[in-house]
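*Asks:* let me see the structure of the following:
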Amino acid sequence: MNREELARVLRIARSRVEPADVGLPAGDRRRVPGLRREEVAALAGVSVDYVVRLEQGRGPHPSAAVLRALSRALRLREEEQDQVFALAGVAPPRAGSIDLVVRGSVQRLLDRFVDLPAMVLSAKSDILAWNAMASALFGDWSRLRPHERNLAWQRFLGDGDRLVVGEEEREQTDRRSVGQLRACLAAYPEDDGLTRLLATLRGRSERFESLWREAPAQVWTGRTKVVQHPDVGLLHLDCERLGIPESDQTLTVYSAEPGSEDADRLDLLRVLGTQTMTAGR
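*Replies:* Predicted structure coming up:
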């Protein structure tokens with residue numbers, strides 16, 4: 001493990017990422033460019049002290065899971081992630097693993113959706129990247145631990161979300177979610193992260209276990225989402241999932257019919273979200 005060089009690479013990477021790039025409030029009194037150490041720690045799901053020690057070249061030997069989490073938090077490109085793994089003396093993710101790195105070109109595309117909520121999902125529905133509008137719509141994903149930033153985890157083990165569905169629709173969406181994971185397992189049978197996710201869901205959710213025994217594999221398609229937002233009220237949004245074949249990721253974008261009440265509420269949400277980020281709350 002090359003601690004000194006790893007520390008240098010991590011410090012430089014942190015200085016390149018702006019809060020708005022990861023859907024965080026900008027706040028005031030930033031004396032240096034980029035993210036604060038506590039923000040990187042929150043995004044990666046590690047302690048601030050852990051990040052400090054790594055950046056000072058005196059940290060412990062990080063695991064592959066921690067390196068992947070730091071790579072996502074710092075928006076590292078694939079070659080940069082491989083460099084970080086090499087400096088830490090850890091084998092990089094092997095072929096056949098689910099891609100958890102968002103390419104720079106995809107991140108730039110995500111950044112262009114300034115007035116629409118958008119996020120990048122992995123093959124197993126991990127929320128890898130999101131914009132400020134997605135945070136304004138669904139809440140701050142950075143406040144969750146990394147393994148909880150997964151749509152299936154939130155659906156079956158979360159403490160509730162802002163999606164409003166009737167019992168019939170909930171039955172359909174639950175089955176789609178389970179079916180998508182079954183299809184993912186067929187494509188990535190040896191992925192460690194997927195194995196852990198399925199073990200957790202099957203062990204902790206009777207609902208998931210019941211559906212897992214009967215739901216067929218299927219691919220999730222675009223549909224309408226109904227969201228109950230605490231500030232702007234009920235929104236009926238079109239949900240489009242744009243595939244990124246090389247990485248098996250999807251760019252999910254939410255929109256409303258121009259001139260509709262939902263579009264007006266989405267515009268209001270954009271203003272409120274901007275105010276919240278400026279205030280640094």
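
*Asks:* what about Arg8, how many residues nearby?
*Replies:* Neighbourhood size, Arg8 [other C-beta atoms under 10 Å]: 14. Quick note: C-beta positions are derived from backbone N, CA and C, even for glycine.

*Asks:* likewise the one 10 residues further on?
*Replies:* The number of residues packed around Glu18, counting by other C-beta under 10 Å, is 14.

*Asks:* touching, it and Arg36? I think so.
*Replies:* No: counting by C-beta atoms under 8 Å, Glu18 stays clear of Arg36, with 11.4 Å between them.

*Asks:* what ranges does the stretch 101-250 of the chain have for its helices?
*Replies:* Listed in chain order, the helices of the stretch 101-250 of the chain (DSSP state H, counting those that start in this stretch) span 104-112, 132-138, 151-157, 167-187, 192-204, 206-212.

*Asks:* how about low-confidence regions in the stretch 51-200 of the chain?
*Replies:* For the stretch 51-200 of the chain, the stretches flagged by pLDDT under 70 are 93-95, 160-166.

*Asks:* what's the closest non-adjacent residue to Pro60?
*Replies:* Nearest residue to Pro60, sequence neighbours excluded (C-beta to C-beta, 6 or more residues apart in numbering): Arg53, at 7.2 Å.

*Asks:* where does that neighbour fall, secondary structure wise?
*Replies:* Taking DSSP states H and E as the criterion, Arg53 maps to helix 48-55.

*Asks:* so how far is that helix from its chain's centroid?
*Replies:* 22 Å (C-alpha atoms, centre = their mean, to the nearest Å).

*Asks:* contacts for that helix, please.
*Replies:* Identification of contacts with helix 48-55 by C-beta atoms under 8 Å, 6 or more residues apart in numbering yields 6-7, 10-11, 14, 37-38, 40-41, 44, 59-60, 62, 66.

*Asks:* which of those has the largest number of neighbours?
*Replies:* Result: Val40 is most packed of these (other C-beta under 10 Å), 25 neighbours.

*Asks:* my read: that residue touches Arg16, true?
*Replies:* No: the pair Val40 / Arg16 is not scored as a contact, 11.8 Å apart, by C-beta under 8 Å.

*Asks:* what residues are shared contacts of these two?
*Replies:* Common contact partners of Val40 and Arg16 (C-beta under 8 Å, 6+ apart): Leu74.

*Asks:* the spatially most central residue of the chain bridge partners, please.
*Replies:* Note on the chain: the residue nearest the mean C-alpha position is Ile127, at 2.2 Å, using C-alpha atoms, centre = their mean. Here Ile127 sits in beta bridges with Leu121, going by DSSP bridges.

*Asks:* I'd say it and Arg149 touch.
*Replies:* Yes: the pair Ile127 and Arg149 passes the contact test of C-beta under 8 Å, sitting 4.4 Å apart.

*Asks:* overlap in contacts, these two.
*Replies:* With C-beta under 8 Å, 6+ apart, Ile127 and Arg149 have common neighbours Trp141.

*Asks:* okay, now Ala123: neighbour count?
*Replies:* Ala123 has 21 neighbouring residues, counting by other C-beta under 10 Å.

*Asks:* what residues are up against it?
*Replies:* Ala123 makes contact with 98-99, 184, 187-188, 248-249, according to C-beta under 8 Å, 6+ apart.

*Asks:* nearest to Trp212, of these?
*Replies:* Minimum distance to Trp212 across the contacts of Ala123 is 12.4 Å, recorded for Cys184 (C-beta to C-beta).

*Asks:* which residues does that closest one contact?
*Replies:* 98, 123-124, 194.

*Asks:* same question, Glu5
*Replies:* Glu5 neighbours (C-beta under 8 Å, 6+ apart): Leu87.

*Asks:* look up how far Ala86 lies from it.
*Replies:* Distance, Glu5 to Ala86, using C-beta to C-beta, to the nearest Å: 10 Å.

*Asks:* what ranges do the strands span in this structure?
*Replies:* 118-121, 127-130, 223-229, 233-244, 249-255 (DSSP state E).

*Asks:* ends of stretch 242-252, how far apart?
*Replies:* Its start and end residues considered, stretch 242-252 measures 6 Å (C-alpha to C-alpha, to the nearest Å).

*Asks:* cool, thanks, talk later.
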